[in-house]
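A.B. asks: Below are the sequence and a predicted model; questions follow.
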Amino acid sequence: MALTNEYLAGVYEDVKKRNPGESEFLQAVYEVLDSLQPIAEKRKDFVDAGVFERIVEPERCISFRVSWVDDAGKVRVNRGYRVQFNSAIGPYKGGIRFNPTVCASEIKFLGFEQTFKNSLTGLPMGGGKGGADFDPKGKSDGEIMRFCQSFMTELAKHIGPDTDVPAGDKGVGSREIGYMFGQYKRLQNEYTGVLTGKSIYSGGSLARTEATGYGLCYFVQEMLASRGTSFEGKTVVVSASGNVAIFACEKATQLGGKVVAMSDSNGYIYDANGINLDVVKQIKLVERGRIKEYAECVPGSVYTEGCSGIWTIPCDIALPCGTQNEIDEASAKTLIANGCWCVGEGANMPSTLEAIEVFRESGILFGPAKAANAGGVSVSGLEMTQNSTRLPWSFEEVDAKLLDIMKNIYKNAYAASVEMGRPGDLVVGANVAGFLKVANAMVWQGVAY
Ligand code: NDP
Ligand code: 2IT
């Protein structure tokens, strides 16, 4: 794979030199620049304003020490990050991830993707992402609280309701947001909507918990409608069993689909009768257990060790909701060989560049992450609106707005794909539609001399 546009090929070479070894970040940048090649040819004003060079460079990268004390009284040290990628269209906005894999490359790829995703939502939010190489697995509640407080003690210096508004991501849910919110309030003596994904008792929005998974299904519903069909009677495979996966499973089932498999990073469960989501919720949300336990609770279901095996299960619709690069070229080919004809990305960048090529060449329906999983940050944007107006909305109001936003994202991405001469290629459509708004704002705001 190589960029044919000489100018963008040069921009990409520069990004490679400046970010050596950052494979996830380079992958995300390559995919976007590839889609933007016709734009670079047409829009001399963007080239003259250095938009392409600027948009691949984060505005600010903060990295900091997070020291905390574990239950045994031992001092532990992790590394925290906040990458404030682009503020052309609004305050930086994006989640915080706690996972041992977290590093500069991972947070930069996520912040870069977030910039285009947030633009697609139509709401005034710039792109940012943060996290720490902290593993929440096996930690006590007290350890999680002390870590979150120490993390926020530094992060608080860099964020604010009109500056940068973090939220959850992998390893960060309502519990962690609560501990961080409490610490921010203590430090700043301010009760503001500085974080989203808050509890409904502290200014959170109803339907934020469900938003990414529900939004993903609303987006897939639009893709299916373009072929005159729906979720009704379709077999669905959902990877992972975290926040996004659980509510994708819930909405896909409500819309008439049958979800037959879910997973975690250790393995997957197959239930030919359709996943019993109450059991999954009890194991994952209440007991914080492993997906393996499902097979012990539900007769007839089977657990298999190893998470990538989930892509060998025959299905109509695949919803990867776990992590980056969980579908490689071989898994993509297996999915298609077994009859899969629709993929909606719930996780960020779950398909490798090679896997995406397989999906695009085969002509199946493919909903790329920055469009398909934008429901979470959309409802975060609606949470910010409710916080600034001090008026909470009902679940139904938020859900209706979410549906509307996801329909619009589909419509705009599809329209951009047509304009680029690639009708139905939503990778190109989402990248171009997301880029144009940010690029126009960057030109309008000028360059600091
Ligand atoms: P959670 O921490 O709630 O859940 C993560 C889930 O992914 C866990 O079940 C985890 O299993 C599983 N997982 C991790 N690696 C793999 C793998 N290789 N194969 C299968 N499952 C795996 O995180 P979220 O649900 O919030 O996030 C999931 C994805 O969705 C991430 O890519 C995130 O960036 C993205 N996303 C999240 C949004 C949100 O609002 N939360 C919004 C948009 C995107 P285990 O317990 O074993 O680690
Ligand atoms: O990847 C994402 O869009 C998120 N983790 C949600 C970000 C947010 O600010 O709600």
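C.D. replies: Okay, I see it. Ligands and ions are numbered 1, 2, ... in the order given.

A.B. asks: and the top helix by length along the chain, what does it pack onto?
C.D. replies: Residue-count comparison of every helix in the chain, with assignments taken from DSSP state H, identifies helix 395-419 as the longest. Using 3 or more Cβ pairs under 8 Å, 6 or more residues apart in numbering; DSSP states H and E as the contact definition, the elements that helix 395-419 packs against are helix 104-120, helix 208-225, helix 369-372, helix 375-389, helix 426-445. Every residue, glycine included, has its C-beta placed from N, CA and C.

A.B. asks: Pick the most buried one from those.
C.D. replies: Taking mean count of other Cβ atoms under 10 Å as the contact definition, the stretch among the helices and strands packed on helix 395-419 with the greatest mean neighbour count is helix 369-372, which reaches a mean of 29.

A.B. asks: Now it - C-alpha only, CSV.
C.D. replies: Below are the C-alpha coordinates for helix 369-372, written out as CSV (Å, rounded to 0.1, in the frame of the first residue of the first chain):
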residue,chain,number,x,y,z
ALA,A,369,-15.4,3.2,13.5
LYS,A,370,-15.2,7.0,13.3
ALA,A,371,-18.7,7.1,11.9
ALA,A,372,-20.3,3.9,13.4
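
A.B. asks: which strands and helices sit next to that helix?
C.D. replies: So helix 369-372, by 3+ Cβ pairs under 8 Å, 6+ apart, packs with helix 104-120, helix 208-225, helix 395-419, helix 426-445.

A.B. asks: before we move on, the earlier item: can you say which of the helices and strands packed on helix 395-419 is nearest to Ser150?
C.D. replies: Closest to Ser150 of the helices and strands packed on helix 395-419 is helix 104-120 (Cβ to Cβ; 18.0 Å).

A.B. asks: Now do the helix or strand just after the closest one against helix 375-389, angle only.
C.D. replies: Under the assignment DSSP states H and E, the closest C-terminal helix or strand after helix 104-120 is strand 126-132. An angle of 110 degrees separates the directions of strand 126-132 and helix 375-389 when computed by axes from the mean of the first three to the mean of the last three Cα atoms, to 10 degrees.

A.B. asks: what's the very next helix or strand once past strand 126-132 packed up against?
C.D. replies: Tracing the chain C-terminally past strand 126-132 and defining elements by DSSP H and E, one meets helix 141-155 next. For helix 141-155, the contact count by 3+ Cβ pairs under 8 Å, 6+ apart identifies strand 60-69, strand 75-86, strand 126-132, helix 174-188 as packing neighbours.

A.B. asks: packing partners for the helix or strand just after helix 141-155?
C.D. replies: Note on helix 141-155: by DSSP H and E, the next helix or strand toward the C-terminus is strand 164-168. Other elements packing on strand 164-168 under the criterion 3+ Cβ pairs under 8 Å, 6+ apart are strand 75-86, strand 92-98, strand 126-132, helix 174-188, helix 375-389.

A.B. asks: Mind checking if the third one is in reach of ligand 1?
C.D. replies: No - if you take Cβ under 6 Å from any ligand atom as the test, strand 126-132 misses ligand 1, and the best it gets is 8.8 Å.

A.B. asks: now that strand, how far from the centre of its chain.
C.D. replies: 11 Å (Cα atoms, centre = their mean, to the nearest Å).
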